[in-house]
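S.K.: what follows is a predicted structure for the sequence shown.
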Number of protein chains: 4
Amino acid sequence: MMSSPRTPVPAPGGSTDDLASFSVLVRDFNAVRQTSIALCDPLEPEDFVVQSMPDASPVKWHLAHTTWFFEEFILSAFVPGYRVYHPQFSYLFNSYYNAVGQRLSRSQRGLITRPTVQEVFDYRMAVDQRMNEFLGGAEPDLIQRMVSLLTLGLNHEQQHQELLLTDVKHALWHNPLHPVFKHRNAEPVESALPMRWLAYPEGVRWVGFEGEGFAYDNEGPRHREFVDGFRIASRPVTNGEYLEFIEDGGYSRPDAWLSDGWSTVQSQGWDAPLYWERQGDQWWTFSLAGMQPVNLAEPVCHVSYYEADAFARWSGARLPTEAEWETAADVSITGNFLESSRYHPTPAVAGTDIEPLQIFGDVWEWTASAYLPYPGFQPASGAVGEYNGKFMCNQHVLRGGSCASPRGHLRPTYRNFFYADARWQFSGIRLAQSL
Amino acid sequence: MMSSPRTPVPAPGGSTDDLASFSVLVRDFNAVRQTSIALCDPLEPEDFVVQSMPDASPVKWHLAHTTWFFEEFILSAFVPGYRVYHPQFSYLFNSYYNAVGQRLSRSQRGLITRPTVQEVFDYRMAVDQRMNEFLGGAEPDLIQRMVSLLTLGLNHEQQHQELLLTDVKHALWHNPLHPVFKHRNAEPVESALPMRWLAYPEGVRWVGFEGEGFAYDNEGPRHREFVDGFRIASRPVTNGEYLEFIEDGGYSRPDAWLSDGWSTVQSQGWDAPLYWERQGDQWWTFSLAGMQPVNLAEPVCHVSYYEADAFARWSGARLPTEAEWETAADVSITGNFLESSRYHPTPAVAGTDIEPLQIFGDVWEWTASAYLPYPGFQPASGAVGEYNGKFMCNQHVLRGGSCASPRGHLRPTYRNFFYADARWQFSGIRLAQSL
Amino acid sequence: MMSSPRTPVPAPGGSTDDLASFSVLVRDFNAVRQTSIALCDPLEPEDFVVQSMPDASPVKWHLAHTTWFFEEFILSAFVPGYRVYHPQFSYLFNSYYNAVGQRLSRSQRGLITRPTVQEVFDYRMAVDQRMNEFLGGAEPDLIQRMVSLLTLGLNHEQQHQELLLTDVKHALWHNPLHPVFKHRNAEPVESALPMRWLAYPEGVRWVGFEGEGFAYDNEGPRHREFVDGFRIASRPVTNGEYLEFIEDGGYSRPDAWLSDGWSTVQSQGWDAPLYWERQGDQWWTFSLAGMQPVNLAEPVCHVSYYEADAFARWSGARLPTEAEWETAADVSITGNFLESSRYHPTPAVAGTDIEPLQIFGDVWEWTASAYLPYPGFQPASGAVGEYNGKFMCNQHVLRGGSCASPRGHLRPTYRNFFYADARWQFSGIRLAQSL
Amino acid sequence: MMSSPRTPVPAPGGSTDDLASFSVLVRDFNAVRQTSIALCDPLEPEDFVVQSMPDASPVKWHLAHTTWFFEEFILSAFVPGYRVYHPQFSYLFNSYYNAVGQRLSRSQRGLITRPTVQEVFDYRMAVDQRMNEFLGGAEPDLIQRMVSLLTLGLNHEQQHQELLLTDVKHALWHNPLHPVFKHRNAEPVESALPMRWLAYPEGVRWVGFEGEGFAYDNEGPRHREFVDGFRIASRPVTNGEYLEFIEDGGYSRPDAWLSDGWSTVQSQGWDAPLYWERQGDQWWTFSLAGMQPVNLAEPVCHVSYYEADAFARWSGARLPTEAEWETAADVSITGNFLESSRYHPTPAVAGTDIEPLQIFGDVWEWTASAYLPYPGFQPASGAVGEYNGKFMCNQHVLRGGSCASPRGHLRPTYRNFFYADARWQFSGIRLAQSL
């Protein structure tokens, strides 16, 4: 899952360690830290505590865990004589770094009422203050040594901002009062653009990250793949299209499904995407703005890999591979991100964007590719890299980011990954076909 | 479990409906309501939310559920035109009254962050105000009709006061910081009084409640049982005695255990009472005053029926039956109750009490009796009595109350009941033998 | 469960150890052993292997386990220099005697294909031959020492004869071909006798076994109980009566059920007794004679305690206690037993039997009594008695035997016991009421 | 899993439908059918019944299911007026063809004692006789239409021959008597050949099947992949090498494992390959020849993907991808197969084979590739092809066949697949490295 930290590709040459770029990084640090706090504005103390399923974490935990990361990997590592803020916070807020010591069982995070929310905020403030003191006085060679960890910490916190939103959404959904996290204006468009196919010829293509700037280690090495000719949809699948699948008996015909998918449909009783609820003739969906009628023009969201795959098969298409997706995603990164504060996908709008539309933002797009290492992948050494590759089994890759991803966190080479039955992320569908 | 409401035996004659006794009842109402609030003094808002296991409930839920009881069975039933405080609170805070409508799944109570703690306190205040208005102006015939429900509501809330404490204890125990709910002074006595046997001859004995005042329906009808001669211990089993059982390999010898008990020991990995933890050579136990060394003179506590039974067998004795216990409990109700604010059992003290010592308070005492209806038992009709007998299967009776029971809530005939593997109540052991 | 061995009450005086009665016992030994083999006549080798649930055992295991009992407790114990037939049979065919060594996990008995059925028959023959040699030459003092174990072994094997039938029935039921174990002629009676109430006054009554002959230790000590006045039904509840409960929505109204019973109904999806299957308008039931229409005049069978209790509540009655049942069962032991080779209950017949009708045979009758030790109960010492009391928790007592019980195995004081959700025994319902 | 049927690549041109090649096919049919029967020679009737886990099937079921395949897809489809042998055998012995009707729950196959083993043999003989009658008289155009299904049926039965052996091995292993299926002579070699690296340059390579003869649909389409330079081990990993991993604490160091692998190690308590058992200082392993000391020179076997991956990481290498493996497997198909009747891997022998040694036979080799469709893959239509792609999720590909695979069943392009935690197949490890 996204909560794994990944080491950055080592900064090549001296570009990141000059003082100008470092002061940008310090400003970014404070901005990212502030964004996490701002996201919590609508919450009451009680909302910070709950964990609605083992895959999710309490908001309080997200806030403390991201803070612990800076304390552990920057302050403890680089500040001589640094004393930790609280001797047991490492146990409580470490996630899975076995090299850093014991940790609380993941499924019990929601039972921990202390430290209180206020105490966690105090913890954040104290660490931020120490970080600013430390960063303000750091010498160039120290900067050189820690800049990649600091950058990693910021990206790590951005990941948790998205998880914080998806986890809060999942928790509030259990409440029959359907609390509203943030009101949202009605979507501007009510009918979907037609879908078009965009074609790409066969050839050897370069896939993966290389160059300056940050990327997770799982995005490299950049390497060649032979890609047969394919075409890809100009926009994601909409709620309206998905509703046709439902109404055609999609959830009751085993031939549309992978074997494991059909088992899951039956054991979980799925008959629609997560958060959908039928009331009479109308489908509603729970969003961070409360219960809303399903807007047929919006990209379908909160579907599992199994549902994405079944829909694609039913519609005579398939999901794109990572290489195909990355080939098509050679466009600028614009779209509906965390910064829009809608926290919900929006319909594609004609004429304003370059195609493929909405390939960044709105919904993560399931690919047909299993999450596996690229050729020549080498995990980093030490605690932060201890587990870089350890999730590379039994999961599928998603690409492109969502309405809950910070804009600056994304890249065309970015690889997100979840189990095939996961639905609580903002995950949707883009179709592809072989030529 | 204790959370079941039970209808009172109808008040015989006119003694409860005169105004003097009714004004006592109103005073009791306000006192009981106030006690629930006072118990929460040490808690932070976050502490009110969590549910550490399906058998436990969040503090917030206890406070709201007991309030809902008065709103549903007094205000809605007797106040013309009464409008409920919130239309969904019945769904959220009803426990298991199927006749009163749908209810939230018990295991999901800990996911409900709204209403907030403050909103629940507001709910309590609003209902209390309406209750006082209503009670203050009630006519005698209305009093007559509602007095038994009001009395039931007070007893119901007292039950939940004890559960609130045991559930908070269980939740805080999961926190590696071991939060202290309330500091407690050291126990006055460090060595246990010797245990003596008190003998009772055979004979037909009357068992169960009859007479004036409140009792749950499961305490009657009063009936005859033939009781063979027996003897009963002068005080509960102590931690020191239980430690001998542990050190004699009690948890690793199947011959000491009931078959179901041995399965539970193995599947749960039990090797001591709940909350015990060995650190080097010393046993510690988690209490509402935090981690404390095990005091060998105290009554052993937080043992299951299986452990109580195994200890008794190991020691050459057995547990008393309900009839034996009730025969021996023909003494005044004194002891260590909720009102002591210790929330922990204390060692027996020589010479100050009548024997059997500590038969009320300190620890609930497992009996050998399964929880079954008394001869001639008839469940009450209507919603409050809907399920009076429905728990009479697969559970065992405990008697005498604990350090977390309100003093005024107890009677010699009071029947508490839990499954044989339950350990989070203040449950202990008193031995018996056949003559 | 019935598979527990229990020690006999020690033979009082010299009556069992004289040679005449001992030769009867030897004849009984050979007859009981032969009966087990005869019961298997309809079976193919494949049928001996399967275990359809953890509570059941393969036929092959029953045959070998009962043999192992004689080998372990008679031959190994009393024959100097006896060498066991196979060194690992004790491991394979011991049931739960921890004092006798390790044993195979109960749930894996169905995975053991070797020894083959033929090899188990060879084992039986070899042990029977050694037993006859040994018994034929035993001296009086040796007879005196082993007679109670031999008697226990015969009763133990009779228990397993009933279990063999119920376990085979459960296994064959899973086969969509519905194999017929033994054809059965149509029942002679198609309409039920009217049910009458038989009344008994209050009083102190003697309950439990005392006297000559064999009884399990759990049937004693004989003791006094005060029994309020009651009445009991003249015959068991019929399929026709139970069908009224079903058609009145019995399985969909929570108010009829114990709380644990209602949970079981929902989690297991029960809507009728075990083995019932609706085809159009007709109910059918699987029996050892294959699928048959439900005969409305027969005693209802294969119901759990939960269903027996719910039916009784729905019908305005209750189940009898053990003491009540034993008071009413003071009649001769006649009825439909194993020896009839019907292996199915039959309708009550007018005028031929003394009332209460069918109190022995046909169906085991659930009592309202939890399975608990009688006052003064002491488990026997040593391996055979190691676990006499260890099942005395969480189970309910059934009385009277069934159509699968050997006639000579039953007594008015006989206590059978199963968990409240067990349905694969021939278990039915007799109603009672308080006067 | 291997039990899936897959449609053949359509026979290109007229080569398979001439009468000479068809008579070969008929001879193959009878030979394959006979091989299944011969494999069962060592078994007793009881051995045919059991199912030791949901992933395995009873021997009886394998024999009947492969027969049903010919009855359903040849006789019922092509013989006018054919009447099925038994109306319920389709229900009992269909595996997962939803288009062909209901089927028995997979996990209950071991409860079905009837039809007996003899009746299943009769069923096989009857179908074989009808098949031979039908094939003997078939006209060329009919041959043309059915030849691919007949070929599929033979390959399907060959798959089940391997499963029959692995399932019997797993079942017998549960028996503490450790039955011997077939005695085996000692291995000829006791010390392993040194492992060498074989290097291959980068380039675009063709992967997958194309051409004449049979292949499963998942082996195509033949397509291009860009493969970076790599090297591959000259022989599989041996028991001796794997033992070093164990002795280096391999099973207790989380850093060696995938996250899901480590969870499985802990929840399953793995500390060695399946069937290994330590007795004092010696490791033993259960084989179809009974318990044997672990031979350090043999290829390690019965390891999961998790173990293969962890071993590779620990040793500084990795597993090969499918494309790499197929590149290296461009050698003739020789080795230790089913036909050797050893049913166990043997040590590599110097100088007798071309390298890479043992790339066919002995042990299936886990690849790093997830089981996914090749570019342009299209599932066949109709019942046999209904689910060709439905297992393409959450599994990993194994290559090369094993000591239990029929020699004629294998190809360089053959793709076998199992879940990452599966261990009961003859699955081993071949290492690779990036250049």
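M.R.: Great, that's in hand.
S.K.: strands of chain A, start to end?
M.R.: A:197-200, A:203-207, A:223-227, A:230-233, A:276-279, A:282-287, A:290-293, A:364-370, A:395-399, A:416-419, A:427-428, A:432-434 (DSSP state E).
S.K.: strand A:203-207 and the third one, what's the angle between them?
M.R.: Right, the one you point to is strand A:223-227. 140 degrees (axes from the mean of the first three to the mean of the last three C-alpha atoms, to 10 degrees).
S.K.: neighbours of the nearest residue to A:Glu225 once chain neighbours are set aside, how many?
M.R.: Spatially, and ignoring its direct neighbours in sequence, A:Glu225 is nearest to A:Ala323 (4.6 Å; C-beta to C-beta, 6 or more residues apart in numbering or on different chains). Any C-beta I mention is one placed from the backbone N, CA and C, and that applies to glycine too. A:Ala323 is flanked by 22 other residues according to other C-beta atoms under 10 Å in any protein chain shown.
S.K.: quick one, phi psi at A:Phe377?
M.R.: phi -60, psi 130 (degrees, to the nearest 10).
S.K.: ok, it touching A:Gly220?
M.R.: Yes. Taking contacts as C-beta atoms under 8 Å, A:Phe377 lies within contact range of A:Gly220: 7.3 Å.
S.K.: any weak-confidence spans in the stretch 151-300 of chain A?
M.R.: Scanning the stretch 151-300 of chain A with the threshold set as pLDDT under 70 gives A:188-190.
S.K.: near chain B, which residues of it?
M.R.: By C-beta under 8 Å from any C-beta of the partner chain, the residues of the stretch 151-300 of chain A that approach chain B are A:171-172, A:174-177, A:179.
S.K.: are any of those residues buried, and which?
M.R.: A:171-172, A:174-175, A:177, A:179 (16 or more other C-beta atoms under 10 Å in any protein chain shown).
S.K.: count of neighbours near A:His302?
M.R.: 25.
S.K.: residue boundaries of the helices in the stretch 51-200 of chain A?
M.R.: Assigned by DSSP state H, counting those that start in this stretch, the helices in the stretch 51-200 of chain A fall at A:59-70, A:76-78, A:89-93, A:117-136, A:140-173.
S.K.: now render those helices as CSV, adding distance to C:Ile74.
M.R.: As requested, those are exported to CSV (distance: least, C-beta to C-beta, whole Å):
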stretch, distance to C:Ile74
helix A:59-70, 65
helix A:76-78, 72
helix A:89-93, 60
helix A:117-136, 71
helix A:140-173, 65
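S.K.: of those helices, flag the one that's most buried.
M.R.: Among the helices of the stretch 51-200 of chain A, ranked by average contacts under mean count of other C-beta atoms under 10 Å in any protein chain shown, first place goes to helix A:59-70 (a mean of 25).
S.K.: packing partners for that helix?
M.R.: helix A:19-39, helix A:89-93, helix A:117-136, helix A:140-173 (3 or more C-beta pairs under 8 Å, 6 or more residues apart in numbering or on different chains; DSSP states H and E).
S.K.: what's the separation between A:Glu324 and chain D?
M.R.: 10 Å (C-beta to the nearest C-beta, to the nearest Å).
S.K.: skipping its backbone neighbours, what lies nearest that residue in space?
M.R.: Here the residue nearest A:Glu324, using C-beta to C-beta, 6+ apart, is A:Phe230, at 5.1 Å.
S.K.: how many residues are close by that neighbour?
M.R.: Neighbour tally, A:Phe230, other C-beta under 10 Å: 25.
S.K.: that one pairs with what?
M.R.: According to DSSP bridges, the residues that bridge with A:Phe230 are A:Tyr200, A:Ser434.
S.K.: mind listing what it touches?
M.R.: Neighbour list for A:Phe230: A:199-200, A:320, A:324, A:432-435 [criterion: C-beta atoms under 8 Å, 6 or more residues apart in numbering or on different chains].
S.K.: what do you get for A:Leu338?
M.R.: A:35, A:161-162, A:165, A:403-407.
S.K.: quick one on the thing from earlier: of the contacts of A:Phe230, buried ones?
M.R.: A:200, A:320, A:324, A:432-434.
S.K.: which one of the buried ones among the residues of the stretch 151-300 of chain A next to chain B is nearest chain C?
M.R.: The closest of those to chain C turns out to be A:His174 (C-beta to the nearest C-beta; 20.9 Å).
S.K.: returning to that earlier point: tabulate the buried ones among the residues of the stretch 151-300 of chain A next to chain B (JSON lines), appending distance to D:Ile74.
M.R.: Formatted as JSON lines, those follow (distance: C-beta to C-beta, whole Å):
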{"residue": "A:Ala171", "distance to D:Ile74": "57"}
{"residue": "A:Leu172", "distance to D:Ile74": "58"}
{"residue": "A:His174", "distance to D:Ile74": "54"}
{"residue": "A:Asn175", "distance to D:Ile74": "59"}
{"residue": "A:Leu177", "distance to D:Ile74": "62"}
{"residue": "A:Pro179", "distance to D:Ile74": "62"}
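S.K.: what sits closest to A:His409 if chain neighbours are left out?
M.R.: A:Gln158 (4.2 Å).
S.K.: and that neighbour, how far is that from chain B?
M.R.: 25 Å.
S.K.: just to check, that residue is in contact with A:Pro406?
M.R.: Yes. A:Gln158 is within contact range of A:Pro406, at 4.6 Å (criterion: C-beta under 8 Å).
S.K.: now for the two: what residues contact both?
M.R.: Common contact partners of A:Gln158 and A:Pro406 (C-beta under 8 Å, 6+ apart): A:Val32.
S.K.: and the pLDDT for A:Arg399?
M.R.: In this model, A:Arg399 is scored at 98, pLDDT.
S.K.: just the buried ones among the residues of the stretch 151-300 of chain A next to chain B now: which is nearest chain B?
M.R.: Chain B lies nearest to A:His174 out of those, by C-beta to the nearest C-beta, at 4.2 Å.
S.K.: how far away is the residue with the largest distance to the centre of chain A from C:Leu198?
M.R.: No residue in chain A sits farther from the centre than A:Gly81, which is 35.8 Å out by C-alpha atoms, centre = their mean. Using C-beta to C-beta, to the nearest Å, A:Gly81 is found at 90 Å from C:Leu198.
S.K.: tell me the one of the buried ones among the contacts of A:Phe230 nearest chain D?
M.R.: Closest to chain D, out of all of the buried ones among the contacts of A:Phe230 and judged by C-beta to the nearest C-beta, is A:Ser434, at 4.8 Å.
S.K.: got a list of what the closest one touches?
M.R.: A:228-230, A:318, D:375-376.
S.K.: what about the nearest residue to A:Gln282 once chain neighbours are set aside, how many residues close to it?
M.R.: Excluding the flanking residues, the one nearest A:Gln282 by C-beta to C-beta, 6+ apart is A:Pro293, at 6.0 Å. Using other C-beta under 10 Å, A:Pro293 has 10 neighbouring residues.
S.K.: any idea what A:Pro293 is bridged to?
M.R.: Applying DSSP bridges, one finds that A:Pro293 bridges with A:Trp284.
S.K.: for stretch A:64-75, give me every contacting residue.
M.R.: A:5, A:36, A:57, A:82, A:84-85, A:89-90, A:92-95, A:100, A:115, A:120, A:123-124, A:127, A:130-131, A:134, A:146, A:149-150, A:152-153, A:156-157, A:160, A:383-384.
S.K.: A:Gly401 and A:Glu339 touch, don't they?
M.R.: No. Judged on C-beta under 8 Å, A:Gly401 makes no contact with A:Glu339 at a distance of 11.6 Å.
S.K.: who has more neighbours out of these two?
M.R.: Shown here are A:Gly401 and A:Glu339; by other C-beta under 10 Å, A:Gly401 has more neighbours (28 against 13).
S.K.: all set now, cheers.
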